[in-house]
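Chemist: my questions are about this predicted structure, shown below with the sequence.
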Amino acid sequence: MKLPNLERAEIPEDKLVGYLLSEVHPVGRWKAEFFRSLGYSAEAPDIFRKALLQLVRGAEVSDQASTPYGTKYVVDGYLAAAGATPVMVRTVWIVAREGVPPRLVTAYPL
């Protein structure tokens with residue numbers, strides 16, 4: 001099964017720059033180190049956004065669960081890496097209610 005409403009998937013700028021690519025975020029900084037090692041940067045977040053969307057388009061949902069915030073979907077796939085072999089990454093998405101676009105919650109290496 002593909003992520004519901006995949007064509008409308010959202011990745012907010014603050015999720016990319018303020019969390020996944022932030023070298024100072026208390027939780028995200030280790031993720032930033034990993035993603036930066038692949039060639040992604042806070043200076044060009046759209047490149048990272050496009051790569052994450054490409055990952056989710058090419059993969060199937062591996063897990064889903066109901067939460068107080070909506071339905072959580074886990075999608076694992078390969079993330080392109082600049083000049084290197086793509087790496088396996090887990091992405092987590094939330095759909096607040098039926099018909100609402102999925103929104104990226106987090107991403108991290110597997």
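Modeler: Good, I have the coordinates.
Chemist: what does the longest helix along the chain contact?
Modeler: Determined from DSSP state H, the single longest helix within the chain is helix 45-57. Contact with helix 45-57 is made by 3, 6, 9, 11, 13, 16-17, 20-21, 35, 40-41, 75, 77-80, 89, 91, 93, 104, 107, as judged by C-beta atoms under 8 Å, 6 or more residues apart in numbering. All C-beta atoms are positioned from the backbone trio N, CA, C, and that covers glycine.
Chemist: roughly how far is it from the heart of the chain?
Modeler: Here the centre of helix 45-57 is set off from its chain's centre by 8 Å, with C-alpha atoms, centre = their mean, to the nearest Å.
Chemist: which parts of that helix are buried?
Modeler: 45, 48-49, 51-53, 55-56 (16 or more other C-beta atoms under 10 Å).
Chemist: and stretch 19-32, by the same measure?
Modeler: Residues 19-22, 28, 31-32 are the ones in stretch 19-32 that count as buried (16+ other C-beta under 10 Å).
Chemist: over to stretch 56-70?
Modeler: 56, 59, 61, 70.
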